[in-house]
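**Student:** Quick one, fold the following:
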Amino acid sequence: MTSRKQIKNVFEAILEYGHDEDFVPYEGEQFSATDAPAGSDAKIEALRKRVLSGQPLWHDADRKDYSGLTGAIRPRE
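**Tutor:** Numbers count the residues shown, from 1 in each chain. Reported below is the predicted structural model:
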């Protein structure tokens, strides 16, 4: 496994990898929708994987609401 330089901020990333002005995301066979709700660990992980593989962040069929989900309700104090 090759080691990567620890990038500390966006400016170092630009210096190391260049700008992304000409970036065109790739929607290959692996680009699929996620049913994970917005803000969940699963959704964040799906977005992270999309970025790393050069895919668009958003899929037209991604979950758009919270319908059908249940969760714990915390009473206000």
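**Student:** Could you list the low-confidence segments of this protein?
**Tutor:** For the chain, applying pLDDT under 70 flags the ranges 1-4.
**Student:** got the residue ranges for the helices in this protein?
**Tutor:** 10-17, 41-52 (DSSP state H).
**Student:** Please work out which of the ones you listed is packed deepest.
**Tutor:** For the helices of the chain, average neighbour numbers computed from mean count of other CB atoms under 10 Å are highest in helix 41-52, which has a mean of 13. Heads up, the C-betas are built off the backbone N, CA and C, glycines and all.
**Student:** how near is the residue nearest the centre of the chain to Asp41?
**Tutor:** In the chain, the residue lying closest to the centroid (CA atoms, centre = their mean) is Leu47, at 1.5 Å. From Leu47 across to Asp41, the span is 11 Å (CB to CB, to the nearest Å).
**Student:** picking that back up, now the closest residue to the residue nearest to the centre of the chain other than its chain neighbours: how far from Phe31?
**Tutor:** Counting by CB to CB, 6 or more residues apart in numbering, Leu47 lies nearest to Leu57, which is 5.7 Å off, once chain neighbours are set aside. Plainly put, Leu57 is 11 Å away from Phe31 if you go by CB to CB.
**Student:** Now the common contact residues for the two.
**Tutor:** Contact with both Leu57 and Phe31 is made by residues Arg50, according to CB atoms under 8 Å, 6 or more residues apart in numbering.
**Student:** which of those two has more neighbours?
**Tutor:** Remark: of Leu57 and Phe31, Phe31 carries more neighbours, 14 against 11, as counted by other CB atoms under 10 Å.
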